[in-house]
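*Asks:* Kindly generate the corresponding structure for this input.
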Amino acid sequence: MFDFALNSIVFLHLVSAVLWIGGIIFILFVAIPASKEVMGTEAGKIMGVISKRFTPFANYSILLLVITGVFLSFLHKGSYMSAPFYFKSALAVTMIAIHFYRGLLLAPKIAKSVPAKKASLQKLSLALVRLNLVLGVCVLFLAKMV
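*Replies:* As a prediction, the model looks like this:
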């Protein structure tokens, strides 16, 4: 019974990571280029709609990642005492901070800004998404080391 429960928790942890990081990959390499190709300068409108639909999935994935991650770290005695665990955890916390900064602070600022300022804020937002992808890939790389 314990093996089933543990495997279920690991499964939820992995599905959450796939949803969040896979969503970032989809947005960067599919949604943004396709929306620019079809809509040109109006691509931001469709990306706003995509973001509103994706953000709740990302938020629940993050919540599930934190809950299952904390649980798994206590089950794997000793692993949470290792340098890769701390580094991976620091990267994950940074990713979460970036995600919520973009959604709670930057997105409303972009929505209220004048066109001249909007473009630079959108570039910052995109750069942060790219940074989160790099950090996410690093977290995935470190996952098996922990």
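*Asks:* The residue positioned nearest the centre of the chain in helix, strand or coil?
*Replies:* Nearest to the mean C-alpha position of the chain, counting by CA atoms, centre = their mean, stands residue 20 at 4.7 Å. With DSSP: H, G, I helix; E, B strand; the rest coil as the basis, residue 20 sits in helix.
*Asks:* List phi and psi for residue 145.
*Replies:* In terms of degrees, to the nearest 10, the main-chain angles of residue 145 are phi -80, psi -20.
*Asks:* Apart from its neighbours in sequence, what residue is nearest the residue nearest to the centre of the chain?
*Replies:* Of all residues not flanking residue 20 in the chain, residue 61 sits nearest, at 4.3 Å (CB to CB, 6 or more residues apart in numbering). In short, each C-beta sits where N, CA and C put it, glycine included.
*Asks:* Next, the buried residues of the helix or strand where that neighbour lies.
*Replies:* Here residue 61 is covered by helix 43-75, with elements defined by DSSP states H and E. Buried residues in helix 43-75, counting neighbours by 16 or more other CB atoms under 10 Å, are found at 43-44, 46-47, 50-51, 54, 58, 61-62, 64-65, 68-69, 71-72.
*Asks:* swap in stretch 15-29?
*Replies:* Across stretch 15-29, burial judged by 16+ other CB under 10 Å covers 16-17, 19-21, 23-24, 27.
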